[in-house]
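Asks: After the sequence you'll find the predicted model.
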Amino acid sequence: MMATIIDLRSDTVTKPTDEMREAMLRAEVGDDVYGEDPTVTQIQEMAAEMLGKEAALFVTSGTQGNQVAIAAQAGRGEEIIAEAESHIFYYEAGAVAAIAGAQLRQLPGTRGSLLPESVEAAVRPLDIHQPPTRLICLENTHNRAGGAILPLAHLQGVAKVAERYGISVHMDGARLFNAAVALGIPIREIAQYADTVQVCLSKGLAAPIGSIVAGSTKFIEEARVWRKRLGGGMRQAGVIAAPGMIALQTMVERLAVDHENAKRLANGLKNLPGLRVDVESVETNIVLVQVEEHFPISAEELIRKLAALGVRVSQFGAQTIRMVTHKDVLEEDIEDVIERVTNCLGAISP
Ligand SMILES: *Cc1c(COP(=O)(O)O)cnc(C)c1O
């Protein structure tokens, strides 16, 4: 008998809850391009309030949210400071170049976080030869750094530098709720250090579609124009905003369970032969597993063997595997994963 599939590739694989599906069915709708969808208006107001911003905009995806925020704040020939491994640089299909036309200045971070001094050193002086620095992008939690939470002191320091030079800060907070829950503070206490913020509803919060961008009223007006330009002007979007609202109301606190499961998973894998896991670095719902150099098979082959055993994970570099916990992976599934990985390695090890 085929074992059940346990999907740890991403928290984007989460399925909407029954409550979300019922909310979709009942949602009051209107034409949101005319600003007449009451459900969209409601989620935008709710999200703005949670994030401590004047206004918010419902967008199709995290990528669209980041890109409308960027395009609204930086243009052709201008420069954006971003962490070297950021999603905006790595995984958005070159959108900053293609859409805003700005250039990215990549700065290496420490566990995904930029030190205020290194940001300050990268701000361009007024000089006809150099591109003007317009925006600083931070990613929290940081995906490629394994779900690392950016230290509040760094955020505060970067915000001060930005203010001093008249530059905006955008926070790619695809998993910002994970950071807030792990720190045990309201999300607005993190968002306060950014002028604009993007949060995903469709990752750990399990909504089927959508992200939120938030910031000042003036910024949101500009972001709305960019969303329209990118084909994101949606009509009866209340149908997809309704499950997003359930996500904001009911799915935030439970992220703590995903964080416990990630720790449990890391602890279960750390002593297996051929793998290295830094349990201390697991702060939220992402576990990075290193396959040791001398191991008889590559990470890619190991991923294939695990898939055959019903454990789906992502490749994150030549020797790195990423596993993400989420609401559709239960505590007993984690035990099951540890057992299947153990058996898989046992069959490979010389
Ligand atoms: C997933 C993710 C995004 C983009 O979200 P999509 O909805 O997949 O476009 C942006 N930033 C980070 C850090 C992410 O993890």
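Replies: Structure received. Residues are numbered from 1 along each chain as shown.
Asks: And stretch 57-73, how far out from the chain middle?
Replies: In terms of CA atoms, centre = their mean, to the nearest Å, the centre of stretch 57-73 is found 13 Å from the chain centre.
Asks: residues contacting the residue of the chain found nearest the ligand?
Replies: Proximity of the chain to the ligand (CB to the nearest ligand atom) peaks at residue 62, 2.3 Å away. C-beta here means a position set from N, CA and C on the backbone, and glycine is covered the same way. With contact taken as CB atoms under 8 Å, 6 or more residues apart in numbering, residue 62 is in contact with 87, 172, 174, 198, 200, 202, 203, 211.
Asks: Next, the buried residues of stretch 15-23.
Replies: For stretch 15-23, the neighbour count (16 or more other CB atoms under 10 Å) marks 16, 17, 20, 23 as buried.
Asks: Just the C-alphas of that stretch, formatted as CSV.
Replies: The C-alpha coordinates for stretch 15-23 follow below in CSV (Å, rounded to 0.1, in the frame of the first residue of the first chain):
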residue,chain,number,x,y,z
LYS,A,15,-5.8,23.8,1.4
PRO,A,16,-8.5,26.2,2.4
THR,A,17,-10.6,25.2,5.4
ASP,A,18,-14.3,24.4,5.2
GLU,A,19,-15.0,27.7,7.0
MET,A,20,-13.1,29.5,4.2
ARG,A,21,-15.1,27.7,1.5
GLU,A,22,-18.3,28.6,3.2
ALA,A,23,-17.2,32.2,3.4
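Asks: quick one, what contacts the closest residue to residue 111 other than its chain neighbours?
Replies: Excluding its sequence neighbours, the residue lying closest to residue 111 (CB to CB, 6 or more residues apart in numbering) is residue 148, at 4.2 Å. Applying CB under 8 Å, 6+ apart, we find residue 148 in contact with 111, 112, 113, 141, 142, 281, 283, 284.
Asks: Likewise for residue 205?
Replies: 177, 244, 247, 248, 251, 252, 255.
Asks: for residue 114, same thing?
Replies: Residue 114 neighbours (CB under 8 Å, 6+ apart): 81, 83, 107, 136, 138, 154, 158.
Asks: One more: residue 323?
Replies: Contacts of residue 323 (CB under 8 Å, 6+ apart): 8, 262, 265, 286, 287, 289, 313, 314, 337.
Asks: Check which helix or strand the second one maps to.
Replies: Per DSSP states H and E: residue 262 is located in helix 255-269.
Asks: and the next helix-or-strand element following that helix, what does it pack onto?
Replies: Note on helix 255-269: by DSSP H and E, the next helix or strand toward the C-terminus is strand 275-276. Where contact means 3 or more CB pairs under 8 Å, 6 or more residues apart in numbering; DSSP states H and E, strand 275-276 is packed against strand 286-291.
Asks: pull the CA atoms of stretch 231-247 into PDB?
Replies: C-alpha atoms of stretch 231-247 as PDB (Å, rounded to 0.1, in the frame of the first residue of the first chain):
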ATOM      1  CA  GLY A 231      -3.600  43.200 -14.700                       C
ATOM      2  CA  GLY A 232      -4.500  42.900 -11.100                       C
ATOM      3  CA  GLY A 233      -7.600  44.900 -11.200                       C
ATOM      4  CA  MET A 234     -10.100  42.300 -10.100                       C
ATOM      5  CA  ARG A 235     -13.900  42.400 -10.300                       C
ATOM      6  CA  GLN A 236     -16.000  40.400  -7.800                       C
ATOM      7  CA  ALA A 237     -12.800  39.600  -5.800                       C
ATOM      8  CA  GLY A 238     -14.800  39.400  -2.600                       C
ATOM      9  CA  VAL A 239     -15.100  35.600  -3.400                       C
ATOM     10  CA  ILE A 240     -11.300  35.300  -2.800                       C
ATOM     11  CA  ALA A 241     -11.000  38.000  -0.200                       C
ATOM     12  CA  ALA A 242     -13.500  36.200   2.100                       C
ATOM     13  CA  PRO A 243     -11.300  33.200   2.800                       C
ATOM     14  CA  GLY A 244      -8.400  35.700   3.300                       C
ATOM     15  CA  MET A 245     -10.400  37.300   6.000                       C
ATOM     16  CA  ILE A 246     -11.000  34.000   7.800                       C
ATOM     17  CA  ALA A 247      -7.200  33.500   7.500                       C
END
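Asks: Nothing else from me, thank you.
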